[in-house]
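1. here's my sequence, what's the structure:
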Amino acid sequence: MIIVVDSDALIGSLYSQDQHFKTSKQIRVKLAKLNARLIYPATVLVETVTFLQGRLNKRGLADKVINLIISQEIDIEQVDGEILIKANTFMNLRGSKHNTFFDAVVAAIAQKYKADAIFSFDKFYKGKGFKLASEL
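-> From the prediction side, this is the model:
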């Protein structure tokens, strides 16, 4: 089983005051029981570190993500030109400002791997035909 992880789920898994913290933990337990392969797009990691460090001022949590990257304990998917071109097909710049190019990159990687679901709370993915990890 292949799951692509989005930043809202990663933040929800790390930040105990996040609105998705409890649900993220429950989903993570379920995914572990299913022996799911979790893929983290490089852009998700950059977005997560930036959000934790900048907006939330949680440098310790940002360091935790960086240490996951350095330790190579997570499956990181590089974002190349091909993914960016594919991501463009998921974008609508005249749509919601909450649906970002970061989201489009996650969708492109999920499509590339024919992922079983995306670990996110963003309804954008449902609208693009993907299943969310919470539905497994």
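2. need the three-state assignment for E73.
-> coil (DSSP: H, G, I helix; E, B strand; the rest coil).
3. list the contacts of it.
-> Shown in contact with E73 (Cβ atoms under 8 Å, 6 or more residues apart in numbering): no residues. In this view, the C-beta of every residue, glycine as well, is placed from N, C-alpha and C.
4. what's the spacing between it and I66?
-> Distance, E73 to I66, using Cβ to Cβ, to the nearest Å: 12 Å.
5. and what of K30?
-> 27 Å.
6. touching stretch 51-58 from outside, list them.
-> For stretch 51-58, the surrounding residues in contact (Cβ under 8 Å, 6+ apart) are 7, 11, 14-15, 59, 61-62, 65.
7. out of the residues you listed, which sit inside helices?
-> Counting by DSSP state H, the contacts of stretch 51-58 place 7, 11, 14, 59, 61-62, 65 in helices.
8. what about those residues, which one has the most neighbours?
-> Highest neighbour count within the ones in helices among the contacts of stretch 51-58, by other Cβ atoms under 10 Å: S7, with 26 neighbours.
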